[in-house]
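[1] Structure for the following, please:
(chains A and B)
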Amino acid sequence: MLHICAVNANEQINIEYYELSQKRLKIASEFYRKWQLSGDISDYEKALQNANSAAELDQENDKAFALLGLIYSEAINDPESLDLATNAFVDALVLNPENFAVQVQLANILMKQKRYWSAIEVYENLLTKSENMITSANTAPLALCYIADRRIEAGVDYFAELEKKYPQNSGVLMAYSLLLKNNDQMEKAKEYIYKVIYESDAGEKQKAYAETLLNKWTESAQ
Amino acid sequence: MKKRLLTALVVASLSTQLFAQGAVDFSKYDFTKLDDVLKVFEDSRLTRELNKSGTPAQKQAFNDTINGLYNKIDQRVQDKVQNQNKYKDKKVKTDDFSTPGASKEAKINTDRDVRMQSEVEPGLKKEVPSKYWEDDYYREFARETGFDGDLNNKAEVRKHAEKYRQLVTDKGHIEASLDYSDQNAKARSNILDVKSGNANLKDAEGLSRMYYEKGDEQLRQAQKAKQKLNNNPEMPEAEKLKLQDKINMHESESVAQIKKGVKALEEVREGMKKQGYTNLDHPNENFIKASEIIKEFGSTMSEDVDGLKAKLRENGFKDIEDFNQKLSVHNESLKNATPPPKKPASTDLKPVKTAKFSKMEALGKIGDIVSISQRLEKAKQGSYWLASFEGNDSGLETAGKALLIAGAELLPIPITDYMDRGFDVDERIKRMIELSIREGKPLSDAEIGLMMLGGAISEPAKMMVIEPVFQVFDAGKELRNLTSDSVSNYFQAADNEIAQKLNEERKEAYLDRKYTFSLGEIYKYKANGDIIVSPVKCNENIFFKIEKNENWTDKYRIKWELILPGRTITLKEENTSSPTANTASFTIVESLNSGLYTIRTSVFEKATNLFVDRREDVFTIAEKPFQLGNITALNRNTNQIVQGQVANDVRITFGVDKTPEWKGSQTIEWLINGALYKSKNALEDSSNLLYFSTTGESSGTYNVSARAIQDGKIIAHTSYNLVIKLAEIENEFKWEDWEEEVDDSSQKVADEESDTPVFIPDSNEVRDVLNAAAVKTSQANSNWSSRSSQAYSAREAHEKQMEQIEAEGQRQQQAIIAAHNTAMQEIKKQAESKPSFSGIEVSDNYTNTANSNQYDDQNEDSELQEQQAEEARYLAEQEQKKAEKAQRTAILKSKIEKLDMEIRNKIKIRADIDKKLWDKNAEPEKERKKAFAMCMDEETKKMGSWSYHSKSAVSSCHLKADKIKENMKKSIQSSVNAIENEIKAIQSQIDQLFEEKGKLEEELNSL
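    Residues are numbered from 1 along each chain as shown, chains lettered A, B, ... in the order given. This next block holds a predicted model:
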């Protein structure tokens, strides 16, 4: 005798919604990519429609909210869209706080909105939660946020602490050095740039760039 | 009640004797004085009493005084917070935290839950964590309220503040519930929406904990006092009474706090009911009654807390604490309520508000996401990054500039990091960054603004948002539970090793699809059915076909494409189930150039749009006979085609049609009267044109010809006769005459040389002159050959000048024409000076040695000519090098093209062998499945039913099948090894070809 799991009507509906949501999510991604190539506004609208619907149909799907946020975030000249993007990213993170890619996107959109304090909070939360996230890709914009928020000393304090924990992390050292430089501590800044070149886990290009900066700073000092 | 009042009165009379009979007489207090305010404030019951029965003036005075105190303290604490790096330049302000939604009407607060808020962004207030300021607050409060202990003793000053129910709080405080916090994206407490039936309670446990803690904190203090009382039986009566009063006060205050929890429970329950929640925990009757008793209690001096406790006991509660615990259970049980059935979400695709996107500008990336380079271009036109620093504030401007410099230095960092980690970074960004690194130049302001605000930095992270969406579909929905990790997994792929692993996993999934579909090879044939082996010609029809198999169903779609140099044309795209899906055909039209073409088919899974497999084949379109059309001559002075003859000072453009057959391997040469006038690579601009001016030319017929040269051979030729009629300069100069004169002069020198012994056999002086003359003669001869080169270079210069004239504006044209005329005059002058080298002059010279002036002139001429000859030689060498370079380039390109074709073929072979290996490796598994199925069939027969198999039977079948698989694996090992060797061999050939190609490309680039 064949036994099947009983599926009640409500669950059945949920399954169907889930399936439809997944399909629309996929379609939204396709249109989003297509729009990136074509620049055709109708592709953008279709991407937005489908992502919206995907999020509505399956409200536990963090990816739908993440994509919705991403699509909204493209309208960089429309403050309302940027707010919607922020909300969608926040929704995605409530559903899945470990979604680091979304956190980066959220920080990025907050920067676009010139909400540097919030962007700093997101970045710092990200770095606290995962050591993997302590890379230049995150430390550099974080340092820039501190400068943009005109709180360079606070940035220096933060990175000084981080540097104690990760003394060889090139992302930390570079950001720390740049903040020191902007805090009129050029000699100390150079010290940390040296560390990037000789004592860090930096790759070739990163080291080359550090050398360029060092030379530039030295030249400008002369 | 009586006992309660009596105790209070005794205590009051002992201390201040402030109580009037039956009620508190507040008229004795001067609430403009802080001491009096604190006396009342110290006792929460008295404060509540004042709130209840004080006059408005008394209450106002009380509030003014206590607020004055708070302002003084707050200002000092705010200053300290603002001095900390984290909050430098941020506005900070204390905020009295009250229950969200509580009445705002003027009243005296019996306690103070204070938080500090900072306006961290315009319009956004965030709490300053209490760790940054609580010690300062308690110390300042103590300083201002008569604390006589050590202000640096944190515990003591805190204890003092607690006496006045001062609590520094933030969202991390134990009492803070998620639903009450406004530190969220909405900046509004969720509890307000919950109570009004518009939101779900997020944190029932937090709600429960918060109110329990509020009541319990007071009960703990009461308990402490009780212990003190019990532990000191010898305590003076007055002290005992005082302590007892303190116990009463704390218990009374606990009831006031618990009352808030009771109200919250009721309001939240109502809100949830409105939303359709069911299975809401129903408190029993006793609890409801007790709740009413609690709600009625005013916690003032005139109310009896012991009476309240008695009533609670009557309703089954041991004491206030017992009720508080039960209340907390009820509050927490709200989380167990069943939510209403979900309102079915609309499956319609709702139209988005397109109005706001109607303008292209709204979308920052429309028009500039198309490519990052375009975005950068756009940004260069206006640095909107600076927009936030506009204004008269010079400090802001300075900060803005500092930021731009910082941005220029910081922003390449993530990109270089991504590059170091092997992530794909947009090529243009990569180039831009690399260039800036090499040159040590910061990026431009606009570029920074764009990269920062346009999000170029987050492009790789953006892919990390989209990629997992695709991964979900790759892996199927059963992976849903795992997908929450997939993003973090992907992000962790910052580690190259993990990235590699993920790539391999994706590749495996792709190979699976590929071999499931099993796409066949492309057959190409002509209309008569002949397989295409040789190049196809113009107007021929060609056909392509792939054998179908059972997988050509509705599940897949196929795309046929024709790949041309630089672009791809989609021939058709349809479901693989379509009868015509496996064929494609087209006619070779005139416009298609000769050369190698690729036909490509790609198969995709329809549901997911995932790529399945691809086949490519090549065919060649035959070379068309190369022809140079007729030369046409355009009179640029009149812009009309030249008919008949032309006069002096006419600019003419000769031209032939440039056709698709013109290739980089060909050189187009232009000649006038057989003399090379211009030589250019066929693909270069204006290679099909010759600019010419009749200025300075003599009358006559000029044969203008063009020829195409490939591999050192003339492959096409065409010519045109131009008639120039120049009456006015007829006698000035003729090339032919000049050439004849030169011939005559050299002949004459030779003739005269033969006579020398007759005239000056013994004179050394004359011999020297003779020797000098001989040298001159030889120079005259060589001068002719150099003049011939000179003539070419002069013509070339002329041509170049004319090209410039065509390219530049009218004003420049005149200048160049003048220069051109000067150049022509120079040539004429040189020609006119030629008679000075004639035999007559030379003869005069050596017969008349006294004519030294003339000799000097000739000597100078000779040096000039030598110099010019040297220049001409140099130009000729350059020309030669150019031609050699063009030839080498053509050869290299052709070799690279051939290598490409060879590589493509080898890769195809490699793919076939791959499939062979895949199939071979799949055989044991197939056998295992087959064996297992057979074994199970046998078991079924034994059991007589298919519905049930014993565990042992299944295990035994698995074992048998596994064994068969293992044996099979062993038996095919040698075949697998052989195939793998084949793969290695072909791969090594491919690698070799790539290496060879790389070298050639390197050489080509160096050219």
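
[2] Pull stretch B:194-203 out as CSV, backbone CA atoms only.
    Extracted C-alpha coordinates of stretch B:194-203, given in CSV (Å, rounded to 0.1, in the frame of the first residue of the first chain):
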residue,chain,number,x,y,z
VAL,B,194,0.5,45.5,17.6
LYS,B,195,-1.9,47.1,19.9
SER,B,196,-3.8,48.7,17.1
GLY,B,197,-4.1,45.3,15.3
ASN,B,198,-1.8,46.1,12.5
ALA,B,199,1.4,44.2,13.3
ASN,B,200,2.5,40.9,14.8
LEU,B,201,4.2,40.8,18.2
LYS,B,202,7.8,40.1,17.4
ASP,B,203,9.1,39.3,20.8
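
[3] mean confidence score for it?
    Mean pLDDT, computed over stretch B:194-203, is 79.

[4] same question, stretch A:203-210
    For stretch A:203-210, the mean pLDDT works out to 90.

[5] Next, the buried residues of that stretch.
    Buried residues in stretch A:203-210, counted by 16 or more other Cβ atoms under 10 Å in any protein chain shown: A:203, A:205, A:206, A:207, A:208, A:209, A:210. In short, each C-beta sits where N, CA and C put it, glycine included.

[6] do it and chain B meet at all?
    Yes: using Cβ under 8 Å from any Cβ of the partner chain, stretch A:203-210 reaches chain B at A:203, A:204, A:205, A:206, A:208, A:209.

[7] Tell me the one among those residues nearest to residue B:924.
    Relative to residue B:924, the closest of the residues of stretch A:203-210 next to chain B is residue A:203; by Cβ to Cβ it sits at 42.9 Å.

[8] pretty sure that closest one contacts residue B:420?
    Yes: when contacts are counted by Cβ atoms under 8 Å, residue A:203 is listed as touching residue B:420 (2.6 Å).

[9] picking up where we left off before, now flag whichever of the buried residues of stretch A:203-210 is closest to chain B.
    Closest approach between those and chain B, by Cβ to the nearest Cβ: residue A:203, at 2.6 Å.

[10] who's in contact with that closest one?
    Listed by Cβ atoms under 8 Å, 6 or more residues apart in numbering or on different chains, the contact partners of residue A:203 are A:170, B:416, B:417, B:419, B:420, B:421.

[11] In helices, which of these fall?
    Among the contacts of residue A:203, DSSP state H puts A:170, B:416, B:417, B:419, B:420 in helices.

[12] Low-confidence regions, chain A specifically.
    Applying pLDDT under 70 to chain A picks out residues A:1-16, A:37, A:222.

[13] any chance you could map the strands in it?
    Counting by DSSP state E, one finds no strands in chain A.

[14] on that earlier part again, pick out the most distant pair among the ones in helices among the contacts of residue A:203.
    Pairwise over those, using Cβ to Cβ, the maximum falls at A:170 and B:419, 13.0 Å.

[15] Looks like residue B:553 contacts residue B:581 (just checking).
    No: counting by Cβ under 8 Å, residue B:581 is not a contact partner of residue B:553; they are 10.3 Å apart.

[16] Looking at these two, which has the bigger crowd around it?
    More crowded of residue B:553 and residue B:581, by other Cβ atoms under 10 Å in any protein chain shown: residue B:581, with 21 against 11.

[17] quick one, phi psi at the more buried one?
    Phi and psi for residue B:581, reported as degrees, to the nearest 10, are phi -60, psi -30.

[18] try residue B:670
    Per-residue torsions, residue B:670: phi -120, psi 130 (degrees, to the nearest 10).

[19] Count the residues that sit near residue A:215.
    11.

[20] Give me the neighbour count for the nearest residue to it once chain neighbours are set aside.
    Leaving aside its chain neighbours, residue A:215 sits nearest to residue B:440 (6.1 Å; criterion: Cβ to Cβ, 6 or more residues apart in numbering or on different chains). Neighbourhood size, residue B:440 [other Cβ under 10 Å]: 13.

[21] so residue B:440 touches residue A:216, yeah?
    Yes: look at residue B:440 against residue A:216 with Cβ under 8 Å: they come within range, at 5.4 Å.

[22] Touching, residue A:173 and residue A:200? I think so.
    Yes: using Cβ under 8 Å, residue A:173 is in contact with residue A:200, at 5.4 Å.

[23] so what's the residue of chain B at minimum distance from chain A up against?
    In chain B, the residue that lies nearest chain A is residue B:420 (2.6 Å; Cβ to the nearest Cβ). With contacts defined as Cβ under 8 Å, 6+ apart, residue B:420 is in contact with A:202, A:203, A:204, A:205, A:206.

[24] Out of those residues, list just those in helices.
    If you go by DSSP H, the contacts of residue B:420 have A:204, A:205, A:206 in helices.

[25] Give me the more crowded residue out of residue A:173 and residue A:200.
    Using other Cβ under 10 Å as the criterion, residue A:173 and residue A:200 rank with residue A:173 on top: 30 against 23.

[26] And the more buried one, how far from chain B?
    10 Å (Cβ to the nearest Cβ, to the nearest Å).

[27] tell me the contacts of residue A:155?
    A:142, A:143, A:146, A:147, A:179.

[28] before we move on, back to that, which one's more surrounded, residue A:170 and residue B:419?
    Taking other Cβ under 10 Å, residue A:170 and residue B:419 do not tie; residue A:170 has more neighbours (27 against 21).
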